[in-house]
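*Asks:* can't give you the sequence, but here's the structure:
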């Protein structure tokens with residue numbers, strides 16, 4: 001739906017606010033120039049999650065970490081227990097050593113959380129301001145879209161580890177996060193944007209992510225399970241979807 005910038009009228013359509021602020025509505029991607037879509041997507045491509053550490057590390061008594069040779073890792077299912085379990089006979093799909101010892105998962109430890117303000121595109125819109133002066137617009141989602149987290153398989157494959165990952169990101173970032181976030185049709189997102197007169201503007205709504213290169217932590221026991229032998233950290237990071245952060249940007253403008 002194209003906006004004509006009409007203001008302060010009781011006869012306005014429901015898509016316009018009587019305070020003089022218009023509300024942007026999304027048009028289909030086919031009505032938005034390809035170069036605008038490409039420019040919006042390029043912001044997503046600018047930030048790629050690159051963990052500082054990858055793989056399995058042994059935590060030494062002094063707190064230092066020594067990387068375990070990847071050759072001892074085995075693909076496929078491993079026997080392990082979940083957090084707070086009194087038994088050591090649970091099963092999961094984790095990349096712990098296949099060396100005869102028992103590795104018991106006990107928590108996920110997030111590293112610093114970096115906010116990715118352009119994690120994924122939730123929608124793009126086109127708005128017009130035919131007036132000679134500038135006016136403010138707010139972004140309203142036209143179609144319901146859901147964005148999801150991007151994490152290592154060890155995190156997504158087990159509910160408890162996934163929950164601990166989200167909880168650790170939330171605690172570190174002091175903000176709400178989740179596996180996904182749905183942007184509902186008809187809801188407004190982001191801050192108001194000022195559009196100059198006689199201008200067509202394209203706005204992009206970005207889902208915001210929280211990146212962390214944390215570690216799945218295991219307690220190592222003897223093959224019999226009777227002797228505690230230390231802690232191992234399997235660095236498996238990813239991006240959670242931040243629930244309470246919004247980011248709407250003006251991607252492109254042109255004269256009307």
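*Replies:* Noted; the coordinates are in hand. Because the structure is a prediction, the values reported are computed rather than measured.

*Asks:* if I've got this straight, residue 163 is in a helix?
*Replies:* Yes: looking at residue 163 with DSSP: H, G, I helix; E, B strand; the rest coil, it is inside a helix.

*Asks:* and the lengthiest strand in the chain, average pLDDT?
*Replies:* Using DSSP state E, we find that the single longest strand of the chain is strand 113-129. The average pLDDT for strand 113-129 rounds to 92.

*Asks:* in that strand, what's buried?
*Replies:* For strand 113-129, the neighbour count (16 or more other CB atoms under 10 Å) marks 113, 116, 118-129 as buried. In short, each C-beta sits where N, CA and C put it, glycine included.

*Asks:* hmm, which two among the residues you listed are most spread apart?
*Replies:* 113 and 128 (38.6 Å; CB to CB).

*Asks:* Tell me the buried residues in whatever helix or strand residue 248 lives in?
*Replies:* Element membership for residue 248 (DSSP states H and E) is strand 247-255. For strand 247-255, burial by neighbour count (16+ other CB under 10 Å) applies to 247, 248, 249, 251, 252, 253.

*Asks:* before we move on, the earlier item: give the other helices and strands that the helix or strand following the longest strand of the chain contacts.
*Replies:* On the C-terminal side of strand 113-129, the nearest following helix or strand under DSSP H and E is strand 135-140. Packing contacts for strand 135-140, counted by 3 or more CB pairs under 8 Å, 6 or more residues apart in numbering; DSSP states H and E, involve strand 22-25, strand 113-129, strand 188-195, strand 199-212.

*Asks:* let's see it at 10 Å
*Replies:* strand 22-25, strand 113-129, strand 188-195, strand 199-212, strand 247-255 (3 or more CB pairs under 10 Å, 6 or more residues apart in numbering; DSSP states H and E).

*Asks:* between these, which one is nearest to residue 142?
*Replies:* Per CB to CB, nearest to residue 142 of the helices and strands packed on strand 135-140: strand 22-25, 5.4 Å.

*Asks:* quick check, distance from whichever helix or strand comes after the closest one to the centre of its chain.
*Replies:* If you walk from strand 22-25 toward the C-terminus, the next helix or strand you reach (DSSP H and E) is helix 34-46. From the chain centre to the centre of helix 34-46 is a distance of 18 Å (CA atoms, centre = their mean, to the nearest Å).

*Asks:* got it, and stretch 221-233?
*Replies:* 34 Å.

*Asks:* so how far does it reach from one end to the other?
*Replies:* This stretch, stretch 221-233, spans 14 Å end to end (CA to CA, to the nearest Å).

*Asks:* What of stretch 234-245?
*Replies:* Termini of stretch 234-245 sit 29 Å apart (CA to CA).

*Asks:* before we move on, what about stretch 131-148?
*Replies:* 39 Å.

*Asks:* Identify each buried residue in it, please.
*Replies:* In stretch 131-148, counting by 16+ other CB under 10 Å, buried: 131, 135, 136, 137, 138, 139, 140, 141, 142, 145, 147, 148.

*Asks:* Surely the fifth one is in contact with residue 248?
*Replies:* Yes: counting by CB atoms under 10 Å, residue 138 sits close enough to residue 248 to count as a contact (8.5 Å).
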